[in-house]
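> What follows is a predicted protein model with its sequence.
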Amino acid sequence: MGLFITFEGIEGCGKTTQIKMLGEHLNSGNIPFIITEEPGGTPLGLMIRGILLNECSFEICAESEVFLFSAARAQHVKDVILPAFKEKKVVLCDRFCDATIAYQGFGRGLDVDFIRQINAISSGQLKPDMTFLFDVPVEVGLKRAMERISRVKDVPREDRFEMEEIEFHKKVREGYLFLAKSEPERFRIIDGSKDISAVHHEVCSQISALIDERE
Ligand code: Z5A
């Protein structure tokens, strides 16, 4: 079927939980799919993930962040996403181009048109068929993210973004809501503060409607 579904939101919004649950749902319906993530999904993406998400001893400026996330994306699209479409799989992707606009554009304050141009190159103009935005107040998301991080033992904590000021996270959330309002046909805004099974139910009904429409 070759659908491309992306999952977005501030940290702790619940997207990773929901991607896994949707994967199980598709599995039970014998619908072929892959779950992948950005930054990540390829050996290069994982190396870039390590650089960008972990505390390091040197500064990484906002422009460098854009190019690093974009380098990971270009490889990810070529090596993982496009081959999955060829096999007619549904691709469930944890973050994509919208994250660069929300975090590096709205959060870091870089020019959004500049980011859109870079996104077009790194993604090869690929657009998701549907994007879920799990919207939660910043305080709720950060509390969940910090609880999750505090449980992490013996592996890197990947908390470089969580350590940003609360104002940064508020700008990211505003950025996502702006994007969702400007493309209502692609985005589905889901209240991520509802309980996990209620959110899952909503995700499944949106996906079923999309699959029915495309069949
Ligand atoms: N980033 C960027 O700046 N620019 C870019 O272009 C890209 C990324 C692509 C990596 O993202 C970071 O990279 C990210 C933006 C930046 N910033 N950070 N950090 P990531 O997706 O790998 O990391 P994350 O945002 O921190 O995601 P996460 O930790 O995986 O959280 P989540 O996916 O939003 O939530 P979760 O893991 O599903 O849930 C977190 C906890 O809450 C967990 O204990 C759950 O059991 C619990 N949870 C989940 N849902 C609920 C509900 N509904 N109720 C109660 N509790 C819940």
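Perfect, thanks for sending it.
> CA atoms for contacts and neighbours, from now on please.
Will do.
> got a list of what I5 touches?
Residues touching I5, when contacts are defined by CA atoms under 8 Å, 6 or more residues apart in numbering, comprise 90-93, 128-132.
> Without its sequence neighbours, what residue ends up closest to K170?
Leaving aside its sequence neighbours, K170 sits nearest to V138 (CA to CA, 6 or more residues apart in numbering; 6.3 Å).
> Which pLDDT value belongs to that neighbour?
pLDDT recorded at V138 is 97.
> My guess is it contacts R173. True?
Yes: taking CA atoms under 8 Å as the definition, V138 is a contact partner of R173 at 7.5 Å.
> Mind listing the shared neighbours of the two?
Here V138 and R173 share the contacting residues I10, scored by CA under 8 Å, 6+ apart.
> How many residues are close by F69?
F69: 24 surrounding residues under other CA atoms under 10 Å.
> List the contacts of the residue nearest the centre of the chain.
Taking CA atoms, centre = their mean, the centroid of the chain lies closest to R95, which sits 1.5 Å from it. Applying CA under 8 Å, 6+ apart to R95 gives the contacts 6-8, 37-39.
> Got a ChimeraX select line for the buried ones in those?
Only the buried entries of the contacts of R95 go into this ChimeraX selection, using 16 or more other CA atoms under 10 Å:
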select :6,7,8,37,38,39
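> Would you format the contacts of R95 as a markdown table with secondary structure included?
Listed next are these as a markdown table, based on DSSP: H, G, I helix; E, B strand; the rest coil:
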| residue | secondary structure |
| --- | --- |
| T6 | strand |
| F7 | strand |
| E8 | strand |
| E37 | strand |
| E38 | coil |
| P39 | coil |
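> and the contacts of R95 near the ligand, which?
Intersecting those with the contacts of the ligand gives 38-39 (criterion: CA under 6 Å from any ligand atom).
> And whichever helix in the chain runs longest, how far out from the chain middle?
Using DSSP state H to define each element, the chain has its longest helix at helix 196-214. Here helix 196-214 shows a centroid-to-chain-centroid distance of 18 Å under the convention CA atoms, centre = their mean, to the nearest Å.
> List the buried residues for the worst-scoring helix or strand of the chain on mean pLDDT?
Within the chain, no helix or strand scores below helix 138-150, which has a mean of 91 by mean pLDDT, DSSP states H and E. Applying a neighbour-count criterion of 16+ other CA under 10 Å, one finds 138, 141-142, 144-146 buried in helix 138-150.
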